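In: would you be able to build a 3D model of this:
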Amino acid sequence: MIFIINLKPYGMETKRQKRIAKIIQQDLAEILQGEIRRAGIKNLLISVTKTYVTPDLTLARVYVSVFPSEKADEVLEALRQNAKQIKHAVARRVRYQLRKMPDLEFYRDDSLDYIEKIEKSLKNGDNPLDKEKGSEK
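Out: Prediction:
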């Protein structure tokens with residue numbers, strides 16, 4: 001009896017997935033920044049931090065970081081409502097590189113907020129490791 005073992009761990013991206021994700025990420029970032037400039041919106045920065053494409057290439061999960069973070073929910077909701085128009089704009093730019101454009105799902109990337117929170121805690125002396133050591137004594 002012969003067993004075929006898949007040595008690739010679940011969730012590991014293939015080269016093709018990574019390449020498509022990178023193409024979508026770059027073009028999407030340019031489109032969003034261009035729209036912000038055209039609309040004349042000041043004091044708003046949108047960064048496409050990471051893009052993941054599913055193995056069947058039908059869905060792209062786009063992680064977006066918004067500064068200032070107070071506007072993040074509002075911007076994310078606008079992106080979700082306009083996902084079809086955004087997909088069409090990206091598809092026009094990548095039409096010679098991709099046969100089929102994946103659907104876009106937008107998520108908030110709050111890693112910068114998390115890092116900022118940790119830095120503030122460390123500066124204020126709220127180090128959780130120190131609290132654990134103090135409770136052991």
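
In: hang on, Arg80 packs against Arg108?
Out: No - taking contacts as CB atoms under 8 Å, Arg80 lies outside contact range of Arg108: 10.6 Å. (Each C-beta comes from the backbone N, C-alpha and C, glycine too.)

In: the more surrounded of the two?
Out: When Arg80 and Arg108 are compared for neighbours, Arg108 comes out ahead with 17 against 13, by other CB atoms under 10 Å.

In: how much space between that one and Leu45?
Out: Separation of Arg108 from Leu45 (CB to CB, to the nearest Å): 14 Å.

In: and Lys100, how far from Gln26?
Out: Counting by CB to CB, the separation of Lys100 from Gln26 is 18 Å.

In: Val66 too?
Out: With CB to CB as the criterion, Val66 and Gln26 are 18 Å apart.

In: give the buried residues for the longest helix anywhere in the chain.
Out: Counting by DSSP state H, the longest helix found in the chain is helix 15-39. Residues of helix 15-39 classed as buried: Gln17, Ile20, Ala21, Ile23, Ile24, Gln25, Asp27, Leu28, Ala29, Ile31, Leu32 (neighbour count, 16 or more other CB atoms under 10 Å).

In: does the closest residue to the third one other than its chain neighbours belong to a helix, a strand or coil?
Out: Spatial nearest neighbour of Ala21, excluding adjacent residues (CB to CB, 6 or more residues apart in numbering): Thr51 at 4.2 Å. Under the three-state scheme (DSSP: H, G, I helix; E, B strand; the rest coil), the conformation of Thr51 reads as strand.

In: ok, Thr51 - contacts?
Out: Ala21, Lys22, Ile24, Gln25, Leu28, Ala60, Arg61, Val62, Tyr63 (CB atoms under 8 Å, 6 or more residues apart in numbering).

In: in the sheet, who's paired with it?
Out: Legend: beta-bridge partners of Thr51 under DSSP bridges are Val62.

In: my guess is Ser111 contacts Thr49. True?
Out: Yes - counting by CB under 8 Å, Thr49 is a contact partner of Ser111 at 7.3 Å.
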